[in-house]
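Novice: Need coordinates for the below:
(2 chains)
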Amino acid sequence: MKADKPVFKPLSQTNTSKVHISKVHASKIKLALLTAVTLSLSGCSSLGVEPWERYLLAKKEMALTSSPVDAALDDHIYFSKEASSGGKSFGGGGCGCN
Amino acid sequence: MNNIKKTSKKTNKKPNIKAALSLATSALLGTGALSGGVAQATEADEWQFDSAFLLYSEVDRVSATEAIIAGTKTFENDEILSLKLTIDVLTGASANGAVAQPNAQTFTRPSGNGQYVTPAGETPLDDTFHDTRVQLNGQWTQPLSENIIGSVGGHFSKEYDYLSLGVNGNLAYDFNKKNSTISMGLSYFQDTFTPEGGIPKPHSSMLVGDSSSPEWDAEFAKTRVGENDDKTTADILVGFTQVINRRMVTAFNYSYSMVDGYLTDPFKVVSVLNKEGLAQDYSYENRPDSRVKQSTFMRAKYHFDDSLLNTVADVSYRYMWDDWGINSHTIDTRFTVPVGATSYIEPHIRFYQQGAADFYKPYIIDDQLPAGFVSADYRIGEMTTVTVGAKYGVVLNGGNELSFRLEYYRQTPTNAGFTEPSALKGQDIYPVVEALIAQVSYSF
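Specialist: Here you go, the predicted model:
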């Protein structure tokens, strides 16, 4: 009578554990981010450079998005192939690919 | 004399504003052309162009070719106009959601016109995908005061069965000698989906049979609920960037995204199996009509010294979670290594892992038919993906840049805890998807 056994694991088990893990992860990440931002904000007056020390920072490869065309192409690929989008920029709509 | 004075003043002023703009726009949003223009604008009153041609090809599945041209013009008072045109063509086969079976399976095409047969032991793929998309983006960015930069933009995208319109607005505030920037952006998209064959009725059975019979059209129409449907997306993004020292800059973003409307994929079905695991029916999927996504994103860039070849490391991490029960981790790393005076090589590794949506099921058993939401789309199932590749770029005479990128992308869907009925033993329920990404870019 193997076929009579429930084919899926009880929903309550899988969902509860997933939700629990998800919430723990989310709260940890949020805490880490909050700490990082708070530290950055409180410490930012002692961080940074003088305007004449920006030689390296002003190089194209040091721009946070140094190749926007590559970033746009990548965003389109991953938006249509994965469940996540955005983060570094708007994740918005824009195509019927997902 | 006046002209000389003016030019000199402008030249002295530019680097700071450019540096500030580069920082501000980093956190600022969905406008590749915007930050590209900022990063590369070298002189006022001249157009700068970035162009690229990309080929994305999956083994036995979808192929896409995409071309982009983005132009940026910087005006006298540091206003920046960015325009971008994207055209892509999609062809090939895409998983329809049904599972592989020990026998051949017949499916009706989404349009209702004709059928296709999937051989035994193979993942059912609908091979009728063919679409061409044209997208236009425009962005206007300008300083609003010494420390505040504002930007507004528009988006238009049209495919055969899809229309998307969007607007965005962003503000960035610099402080601490422009070493710190806080930014906030809003965007809103309005999309209309008009799939060929109409919108399927959720949970209705795919009609399979003789599509040339006189009753076919009336029977097929019973499985439809309309010709088109809408979706809106509203995003809020808050960013903070901080220069750490001469060699390092960091960014932190938080984004909140509300998607409302038709979020179901009209081309996807779920296999309805008997207890042995043999397909009895194919049921159109049904997703919630809203989704709230949130994400945190952090990025660091570090410029090493001579001992490490002046390499620039770019490391980022994103954590995303939503109210569908999906959460994901993304780690993206690039190292830009100069080769000689005019070229560079850039290895790239990206790792992505996602959990399954609460309503994801790879198949359903006929005595456990869910009344609510269900989807067998592996893209919202449990999955790990890896991208590895490299880019080689060379600066030509006159400062124009030519680059080539080649990458390998591999998706590995995994079982999120579902037990397989006997007939599925030996079938590949979670097939690996592999793709090659090849790109040529030219900036001038």
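Novice: Apart from its neighbours in sequence, what residue is nearest residue 79?
Specialist: The chain I'm using is chain A. Distances taken as Cβ to Cβ, 6 or more residues apart in numbering or on different chains put A:Ser85 closest to A:Phe79, at 4.4 Å, once the chain neighbours are dropped. Just so you know, the C-beta spots here come from the backbone N, C-alpha and C atoms, and that holds for glycine as well.
Novice: hm, I was asking about chain B
Specialist: Leaving aside its chain neighbours, B:Glu79 sits nearest to B:Gln142 (4.1 Å; criterion: Cβ to Cβ, 6+ apart).
Novice: Following the chain past the strand or helix carrying that neighbour, name the next helix or strand.
Specialist: Using DSSP states H and E, B:Gln142 maps to strand B:125-143. Heading C-terminal from strand B:125-143, the first helix or strand you meet, by DSSP H and E, is strand B:148-159.
Novice: Can you classify the residue in chain A positioned nearest to chain B by secondary structure?
Specialist: Going by Cβ to the nearest Cβ, chain B is nearest to A:Gly48 of chain A, at 2.7 Å. Here A:Gly48 takes the coil state, with states given by DSSP: H, G, I helix; E, B strand; the rest coil.
Novice: now do A:Tyr55
Specialist: coil.
Novice: And for B:Ser183?
Specialist: Classified using three-state DSSP, B:Ser183 is strand.
Novice: any idea how far it is from B:Met206?
Specialist: To B:Met206, B:Ser183 is 47 Å away according to Cβ to Cβ, to the nearest Å.
Novice: Tell me which of those two has more neighbours.
Specialist: Using other Cβ atoms under 10 Å in any protein chain shown as the criterion, B:Ser183 and B:Met206 rank with B:Ser183 on top: 25 against 21.
Novice: Poorly predicted segments of chain B, please.
Specialist: For chain B, residues meeting the criterion pLDDT under 70 lie at B:1-45.
Novice: er, chain A I mean
Specialist: A:1-26, A:28-30, A:33, A:36-45, A:91-98.
Novice: what about the strands in chain A?
Specialist: In chain A, no segments count as strands under DSSP state E.
Novice: just the stretch 151-300 of chain B next, same as before
Specialist: B:162-175, B:180-193, B:199-200, B:224-226, B:229-245, B:248-261, B:269-273, B:279-284, B:290-303 (DSSP state E, counting those that start in this stretch).
Novice: List the neighbouring strands of the strand holding B:Gln142 plus their orientation.
Specialist: Using DSSP bridges, strand B:125-143 pairs in its sheet with strand B:80-95 (antiparallel), strand B:148-159 (antiparallel).
Novice: Keeping just the C-alphas, turn stretch B:300-320 into CSV.
Specialist: What follows is stretch B:300-320, C-alpha atoms only, in CSV (Å, rounded to 0.1, in the frame of the first residue of the first chain):
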residue,chain,number,x,y,z
ALA,B,300,32.3,47.2,-1.7
LYS,B,301,34.9,48.2,-4.3
TYR,B,302,38.6,48.2,-3.4
HIS,B,303,41.5,49.3,-5.5
PHE,B,304,44.6,47.3,-4.7
ASP,B,305,48.1,48.6,-5.1
ASP,B,306,51.0,47.7,-7.3
SER,B,307,51.7,44.5,-5.4
LEU,B,308,48.4,43.1,-6.6
LEU,B,309,48.6,44.6,-10.1
ASN,B,310,46.3,47.6,-9.2
THR,B,311,43.4,45.1,-9.4
VAL,B,312,39.9,46.5,-8.6
ALA,B,313,37.7,44.1,-6.6
ASP,B,314,34.0,44.5,-6.8
VAL,B,315,32.1,42.4,-4.2
SER,B,316,28.3,42.5,-3.6
TYR,B,317,25.8,40.6,-1.6
ARG,B,318,22.0,40.7,-1.8
TYR,B,319,19.4,39.2,0.5
MET,B,320,15.9,39.1,-0.9
